[in-house]
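Colleague: Got a sequence here, can you build the structure:
(chains A and B)
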Protein chains: 2
Amino acid sequence: MSNRSWKGRVFIATSLDGFIARPDSDILWLTDPSPRPPSQQHVPPTSPDKRTVDSIEQNMQRIDCIAMGRKTYEKIASFGDWPYTKRTFVISSTLPLSGMELPPSVQVVRSVDEAAELFEREHMKLVYVDGGLLIQEFLRRGWVDEMVVTHAPVLLGHGIPLFGDLQRDVELRLLGVDVIEDGMISTWYQVVH
Amino acid sequence: MSNRSWKGRVFIATSLDGFIARPDSDILWLTDPSPRPPSQQHVPPTSPDKRTVDSIEQNMQRIDCIAMGRKTYEKIASFGDWPYTKRTFVISSTLPLSGMELPPSVQVVRSVDEAAELFEREHMKLVYVDGGLLIQEFLRRGWVDEMVVTHAPVLLGHGIPLFGDLQRDVELRLLGVDVIEDGMISTWYQVVH
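Modeller: I've put the predicted structure just below:
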C-alpha cells in the first residue's frame, strides 16, 4: 500500500523504560501513581493555552477511527461502559465475528490488511493505533505517520514494551514537547518516511 | 551501604526506543545522524541561558569521578586520545590490574563494591556512572540519585538497552527538560529513594 489515503497516529503513555503496562496489563502505575514528593525545582505543567502537544481530548477529536489490538480491547471493555464513540476496529484472528456482544461502534476485523482496506473504503483520514503489538506491526509496515508519546517519571523494569524489532531505523522529527502534569513529558513526533 | 557519602549520576543519550548503542556498539546514529528535513513546526533548541538541564561540559565540571563498564572503556579508548581528565574507575573482572597501558586518570577495579569503597575513601561527592550494564547494576542497588537522559528522535529496533530488570519500581521526580538540538530532548530526573 504505497499510496495510503489515511495516516496512522500513535498516542500512548509509557514508563521511562518503555513499558505501556506491567506484565499482567496493570496500568495503575500510570492512572493512579503514588503521590510524588514536591520539589522546589519541579518544572510546572505547560499551561493549556501554551500546549504544543495534543491532550487526550484533542486526540480523540482529531482522529476518524481507532485500530486496536485484541488485548487492549479486552482490557478497556473490562472497565465497563465503552468510552469511545469513534468507530473502533479490533484486529483479532480469534474473536468471533458475530454472536459476541460488542459496543455499537466496535467491529472485529481479522487482520491489519483487512483493517487497512476498510480505512480506504470508509475514507478515513487519521487512524489512532492502540496496543503494543499493533503499534509495532504498524511501525514495521511504515503505517505510523505521527506519534505522541508521554513518558511517566518511573522505571518499571518489566512489562509490555511499547516498541519492538524493526527492519530499519525509523527517523522522527520533533514537533512539540510539553510537561503536562506531575512530571509527565508529552512529546509529538512526525515519522520521516 | 545505607549511608553513602556519594551520589550516583547517570548522564546518557538513548534512542526513543531505549538503546544506547546498536548491537555492535555503533553510536554513529547519535553522533553523526543523517540530516533531518526541516520542519516549520520544529521546536527550536533551548537557548543556552535558558537551559534547565546540564550540557555535556557542565556534567563533566560537576562530577568528581567516573565509574565505567569495561565495554564502554574499550569503546572510548578505541577512539584514540583518552578524553577525560577526571579519575575513572573501570569496573572489570577480566582486565589485568597492571601491565596494561592505561591513561593516567584511569584505574581498573574488580567490582562495584570495590568501586563504592573507593568513592567513600576518596571522598567523592558525585560519581558519573557510564555504560549500560553498569547503570543497570547501580539502579538495582539504589545507587543512582539523578539521571539526565537525552532522547534522540529515532527508533533503532535493536541494540544495547539503557534500562534493565528491576526488583521494584524506581520513582523519579522531573527537575527539568530542554530541547537541545536537532529534535533531541534532554530530561533531568531525581531518583526518589
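
Colleague: any low-confidence regions in chain A?
Modeller: For chain A, the stretches with pLDDT under 70 are A:1-2, A:36-42.

Colleague: Could you pull up the residues touching A:F138?
Modeller: A:G8, A:V10, A:A67, A:V112, A:V129, A:V144 (CB atoms under 8 Å, 6 or more residues apart in numbering or on different chains). (C-beta placed from N, C-alpha, C; glycine too.)

Colleague: By neighbours, which of those wins?
Modeller: Within the contacts of A:F138, A:A67 tops the neighbour count with 30 neighbours, counted by other CB atoms under 10 Å in any protein chain shown.

Colleague: Which helix or strand contains that residue?
Modeller: strand A:65-69 (DSSP states H and E).

Colleague: Show me the strands paired with that strand, marking each as parallel or antiparallel.
Modeller: Next to strand A:65-69 in the sheet, as set by DSSP bridges, lie strand A:87-91 (parallel), strand A:126-130 (parallel).

Colleague: Could you dump these into a markdown table with distance to B:W29 added?
Modeller: Converted to a markdown table, the strands paired with strand A:65-69 look like this (distance: least, CB to CB, whole Å):
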| stretch | distance to B:W29 |
| --- | --- |
| strand A:87-91 | 31 |
| strand A:126-130 | 25 |
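
Colleague: Skipping its backbone neighbours, what lies nearest A:V144 in space?
Modeller: What sits nearest to A:V144 in space, not counting adjacent residues and going by CB to CB, 6 or more residues apart in numbering or on different chains, is A:G8, at 4.6 Å.

Colleague: Could you measure from the one you found over to A:Y128?
Modeller: 8 Å (CB to CB, to the nearest Å).

Colleague: ditto for A:E57
Modeller: For A:E57, the distance to A:Y128 - CB to CB - is 13 Å.

Colleague: For these two, work out which one has more neighbours and name it.
Modeller: For A:E57 and A:Y128, the more surrounded residue by other CB under 10 Å is A:Y128, and the numbers stand at 22 against 8.

Colleague: A:A67 is in contact with that one, correct?
Modeller: Yes. Counting by CB atoms under 8 Å, A:Y128 does reach A:A67; the two are 7.1 Å apart.

Colleague: Quick one: list the elements packing against the helix or strand that A:I76 is a member of.
Modeller: A:I76 belongs to helix A:70-78 when assigned by DSSP H and E. Counting contacts by 3 or more CB pairs under 8 Å, 6 or more residues apart in numbering or on different chains; DSSP states H and E, helix A:70-78 packs against strand A:87-91, helix A:132-140.

Colleague: Deepest-packed of the ones you listed, please.
Modeller: strand A:87-91 (a mean of 22; mean count of other CB atoms under 10 Å in any protein chain shown).

Colleague: Quick one: distance of it to the chain centre.
Modeller: 13 Å (CA atoms, centre = their mean, to the nearest Å).

Colleague: contact partners of it?
Modeller: With CB under 8 Å, 6+ apart as the test, strand A:87-91 has contacts from A:64-70, A:73, A:103, A:105-112, A:114-115, A:118, A:122, A:134.

Colleague: how far off helix A:70-78 does that strand point, in degrees?
Modeller: Note on geometry: by axes from the mean of the first three to the mean of the last three CA atoms, to 10 degrees, strand A:87-91 and helix A:70-78 are set 130 degrees apart in direction.

Colleague: Let's see strand A:87-91 as PDB, backbone CA atoms only.
Modeller: Only the C-alpha atoms of strand A:87-91 are listed here, as PDB (Å, rounded to 0.1, in the frame of the first residue of the first chain):
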ATOM      1  CA  ARG A  87     -15.500   3.700  15.200                       C
ATOM      2  CA  THR A  88     -13.200   1.100  16.500                       C
ATOM      3  CA  PHE A  89     -11.700  -1.800  14.600                       C
ATOM      4  CA  VAL A  90     -10.500  -4.600  16.800                       C
ATOM      5  CA  ILE A  91      -7.900  -6.600  15.000                       C
END
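
Colleague: Next, the angle helix A:132-140 makes with it.
Modeller: Put simply, strand A:87-91 runs at 90 degrees to helix A:132-140, going by the same axes, to 10 degrees.

Colleague: could you point out which element follows strand A:87-91?
Modeller: strand A:106-109.

Colleague: tell me which residues in that following strand are buried?
Modeller: For strand A:106-109, burial by neighbour count (16 or more other CB atoms under 10 Å in any protein chain shown) applies to A:V106, A:V108, A:V109.

Colleague: So which elements touch the helix or strand following that strand?
Modeller: Using DSSP H and E, the helix or strand that follows strand A:106-109 in sequence is helix A:112-121. Applying 3+ CB pairs under 8 Å, 6+ apart, one finds that helix A:112-121 contacts strand A:65-69, strand A:87-91, helix A:132-140.

Colleague: Now do the buried residues in helix A:112-121.
Modeller: Of all the residues in helix A:112-121, those buried under the rule 16+ other CB under 10 Å are A:V112, A:A115, A:A116, A:L118, A:F119.

Colleague: Same question for stretch A:77-89.
Modeller: For stretch A:77-89, the neighbour count (16+ other CB under 10 Å) marks A:A77, A:Y84, A:R87, A:T88, A:F89 as buried.

Colleague: Next, the distance between the ends of it.
Modeller: 14 Å (CA to CA, to the nearest Å).

Colleague: for stretch A:129-147, same thing?
Modeller: From start residue to end residue, stretch A:129-147 stretches across 10 Å - CA to CA.
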